[in-house]
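1. Give the three-dimensional model of this entry:
(one chain, ligands or ions: 1)
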Amino acid sequence: MNQSKTIFSGVKPSGDLTIGNYIGAISQWPEMQDKYRCIFSIVDYHAITVKYQPEELRKRILEITKIYLASGIDPKKSIIFQQSAVPEHTELAWILGCSGSYIADLKKMTQFKDKAGEKQNSVFVGLFTYPVLMAADILLYDTQAVPVGDDQKQHVELTRDIAKRFNNKYGPSFVVPEAIVRKEGARIMSLTEPIKKMSKSASNSNSYISLLDDIEVAKKKIMKAVTDSGTNIDYDSADRPALANLLTIYAQLGNRQIPRLVKDYQGKGYGEFKKDLAEIVAKFLTDFQNKFNNISNKEAQAVLESGRQQASALAQMKMEKIRKVIGVR
Ligand code: AQP
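-> As a prediction, the model looks like this:
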């Protein structure tokens, strides 16, 4: 493990994880663990910013831990932990909210605007300030790089601004992190409305494929996915976003190059393409779920406890310094 560079990322347990979360974020992580110090969190306090059921949240925390393990994250190489088990995250979020974070910046956050919609004044404050908690998650570990999907780039940019402002005020305290975003697959789109991002909390379950979807259900979702006008298979994300999205999913889960796929499907129609894609998705999910089902709750709980101890040690050390810097110690 190269201790000189730290990677931090996380997923919020706000729904059943989708192939979008996997392709855009999680699939990048395993290869990093041999090179860097990697810290992967289940960011549960982010999930309570919207309506949720406590029982479901509890279940999903363990489920995501197993998803991390089934994706190839090795607890001997990486720290896997639950955000709420390390209270320094919320402590630092408060401090950053008082130095470095401006209301005007938070108002610009696309995710806040999307989730609050017309109700910006009647949603809870947590939804508005959640990017500050995300900044704390990242800065607490002197993170250099944050591998995320495209939708989270804006929050990492905000984290950079917060870190720079804090450093300007109090002297060098935080590493200024960078987002790592895939060239392809950084924004998997909805299967029913391909101009929108695929989201795990979407109300229409046909719009996403969950990593734990029943295989036959997942195949049907692909067959039902909307397509653009035209009949030939080519890649044009501006004019044919639905097909471009399906090609991206095919390429990422089937380990193929998009130009190669376009070539292979010349003269063939959507029907054949979707049938093959449904099989690719089915194979990926079957392999994934076999690994997932082999991990016990006990094993996942033990991973979280070991991760908590490791993350706590780092977080406590950092917060001792930050408390001194801001003058409360
Ligand atoms: N559609 C997507 N394509 C590629 N990457 C994606 N990510 C999310 N959706 C896509 C990436 O997955 C990681 C975990 O996301 P998150 O749990 O922090 O929340 P999110 O970005 O808000 O994802 P969702 O699925 O849309 O959740 P809900 O519906 O609860 O808001 C991040 O790295 C994210 O970029």
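2. In the lowest-mean-pLDDT helix or strand in the chain, which residues are buried?
-> Scoring the helices and strands of the chain by mean pLDDT, DSSP states H and E places helix 110-116 at the bottom, with a mean of 94. Using 16 or more other Cβ atoms under 10 Å as the burial criterion, the residues of helix 110-116 that qualify are Gln111, Phe112, Lys115, Ala116. (C-beta placed from N, C-alpha, C; glycine too.)
3. Adding distance to Asp239, write those out as JSON lines.
-> Shown next, in JSON lines, are the buried residues of helix 110-116 (distance: Cβ to Cβ, whole Å):
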{"residue": "Gln111", "distance to Asp239": "27"}
{"residue": "Phe112", "distance to Asp239": "30"}
{"residue": "Lys115", "distance to Asp239": "29"}
{"residue": "Ala116", "distance to Asp239": "31"}
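4. Show me where the protein has its helices.
-> 19-24, 44-47, 54-70, 88-98, 103-107, 110-116, 125-139, 153-170, 215-224, 241-254, 258-264, 270-293, 297-326 (DSSP state H).
5. for the residue in the stretch 51-200 of the chain that the ligand sits nearest to, what are its contacts?
-> Ranked by Cβ to the nearest ligand atom, the top residue of the stretch 51-200 of the chain for proximity to the ligand is Gly149, at 2.3 Å. Contacts for Gly149 were tallied using Cβ atoms under 8 Å, 6 or more residues apart in numbering; they are Gly20, Asn21, Gly24, Ala25, Val181, Arg182, Ala186, Arg187, Ile188.
6. what sits up against the least confident helix or strand of the chain?
-> Outside of helix 110-116, the residues within contact range by Cβ under 8 Å, 6+ apart are Val50, Leu106, Gln120, Val123, Leu127, Phe128, Tyr130, Pro131, Asp151, Gln154, His155.
7. Whichever of those residues end up buried, select them in PyMOL.
-> The PyMOL selection below is limited to those of the contacts of helix 110-116 classed as buried (16+ other Cβ under 10 Å):
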select buried, resi 50+106+127+128+130+131+151+154+155
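8. By pLDDT, rank the contacts of helix 110-116 and give me the bottom one.
-> Minimum pLDDT for these is recorded at Gln120 (88).
9. thinking again about what came up before, just say which of the helices of the chain is most tucked in.
-> Across these, the average number of neighbours (mean count of other Cβ atoms under 10 Å) peaks for helix 19-24, which reaches a mean of 24.
10. what does the stretch 201-329 of the chain put close to the ligand?
-> Contacts of the stretch 201-329 of the chain with the ligand, taken as Cβ under 6 Å from any ligand atom, map to Ser201.
11. Next one, pLDDT for the residue of the stretch 201-329 of the chain found nearest the ligand please.
-> Of all residues in the stretch 201-329 of the chain, Ser201 sits closest to the ligand, at 3.2 Å by Cβ to the nearest ligand atom. On pLDDT, Ser201 comes in at 91.
12. what does Leu140 give?
-> 98.
13. Also Asp228?
-> With respect to pLDDT, Asp228 has a value of 88.
14. isn't it right next to Ala242, touching?
-> Yes. With contact defined as Cβ atoms under 8 Å, Asp228 and Ala242 form a contacting pair (4.8 Å).
15. the domain parsing of this protein - what is it?
-> 6-181+296-326, 205-292 (automatic domain parsing).
16. I'd like to know which of these is closest to Thr192.
-> domain 205-292 (4.3 Å; Cβ to Cβ).
17. where's that closest one relative to the chain centroid, distance-wise?
-> Its chain's C-alpha centre and that of domain 205-292 lie 21 Å apart, by Cα atoms, centre = their mean, to the nearest Å.
18. who's sitting farthest from the centroid in this protein?
-> Gly267 (36.8 Å; Cα atoms, centre = their mean).
19. just to revisit the earlier point, from Ser210, how far out is the residue of the stretch 201-329 of the chain closest to the ligand?
-> Between Ser201 and Ser210 the computed distance is 11 Å (Cβ to Cβ, to the nearest Å).
20. Kindly report the same for Leu158.
-> For Leu158, the distance to Ser210 - Cβ to Cβ - is 29 Å.
21. repeat for Gln33
-> 25 Å.
22. again, but for Gly15
-> Distance from Gly15 to Ser210, by Cβ to Cβ: 8 Å.
23. Next up, the contacts around the spatially most central residue of the chain.
-> Geometric centre of the chain, nearest residue: Val11, 4.5 Å, by Cα atoms, centre = their mean. The contact partners of Val11, by Cβ under 8 Å, 6+ apart, come to Leu17, Asn21, Ala25, Ile26, Ile42, Val43, Ile64.
24. What residues are bridge-paired with it?
-> Assessed by DSSP bridges, Val11 has beta-bridge partners Ile42.
25. So Gly307 is in contact with Pro75, correct?
-> Yes. Counting by Cβ under 8 Å, Gly307 does reach Pro75; the two are 6.9 Å apart.
26. mind putting the domains of the chain in JSON lines, distance to Thr192 included?
-> Below are those laid out as JSON lines (distance: least, Cβ to Cβ, whole Å):
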{"stretch": "domain 6-181+296-326", "distance to Thr192": "13"}
{"stretch": "domain 205-292", "distance to Thr192": "4"}
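27. Please report phi then psi for the residue of the stretch 51-200 of the chain closest to the ligand.
-> phi -80, psi 170 (degrees, to the nearest 10).
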